[in-house]
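Trainee: Here's my sequence, what's the structure:
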Amino acid sequence: MRFLDVGAGAGWPGLYLARITGCDVTLVDVPLQGLRIATARAIAEQLAGECWVIVADGAALPLQSGAFDAIGHSDVLCCLESKLSVLKECRRVIRVGGRMAFTVISIAPSLSPADYKLALDAGAPFKETGVGYPKMLEQTGWGITHHLDLTVEYAQAARHMLREEEARAEALSRLLGDAEFSEKLRRRRKTVQALDRGLLRRELIAADALG
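Mentor: Down below sits the predicted model:
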């Protein structure tokens, strides 16, 4: 009934889930630009449920404890240093038995220095930790129900995005500016190269809030 999207950006997937289920949705992020887009989308789509948009840090959510039934975040934790704090806050604001599902991108283990540098340049702004996600979830009051490797699907999506961006290069350059689009294309090609060499991986984890 009540869904929280942490690091919501422009509203994906929170607004999509709200549209197909009719749930209330709360979108939380720090950058204003994406949230403004999400707000316009929510108004245009005339969602059946309520929609709130909040500028806030995932490690300090200005939300009531136990207020949500489900939480999602997409490739957010891998970019943050305060991973444990975010997981603790997510546990605080969800009811016992509620479910959290999220994806994370990470660098494959045991790489050579050269491959590690390529992976670092190809993916998100990774903030590594010595503790794996299963252990962090255990420490913050979560019980894992699903843990899936989505690396193959991630590679397929990255290749598809690269093809589409290259096919629409002229229009995207006008929209984003030549410099920004060139950098976007460079990083996309690096990502595809790193995935083809097995340097990056993507996982989906679902966990229930323990009592």
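Trainee: and residue 5, backbone torsions?
Mentor: With angles defined as degrees, to the nearest 10, residue 5 sits at phi -110, psi 110.
Trainee: and the lowest-mean-pLDDT helix or strand in the chain, which residues are buried?
Mentor: Lowest by mean pLDDT, DSSP states H and E among the helices and strands of the chain is helix 113-122, with a mean of 90. Neighbour-count burial for helix 113-122, counted by 16 or more other C-beta atoms under 10 Å, picks out 115, 118-120, 122. In this view, the C-beta of every residue, glycine as well, is placed from N, C-alpha and C.
Trainee: repeat for stretch 44-64
Mentor: 47, 51, 53, 57-59, 61, 63.
Trainee: Stretch 9-28 too?
Mentor: 9-11, 13-15, 17-19, 23-28.
Trainee: Spatially central residue for the protein, please.
Mentor: In the chain, the C-alpha nearest the mean C-alpha coordinate belongs to residue 74, at 1.8 Å (C-alpha atoms, centre = their mean).
Trainee: That residue reaches residue 105, doesn't it?
Mentor: No. With contact defined as C-beta atoms under 8 Å, residue 74 does not count as touching residue 105 (9.8 Å).
Trainee: returning to that earlier point: beta partners of the residue nearest to the centre of the chain?
Mentor: Judged by DSSP bridges, the bridge partners of residue 74 are residue 103.
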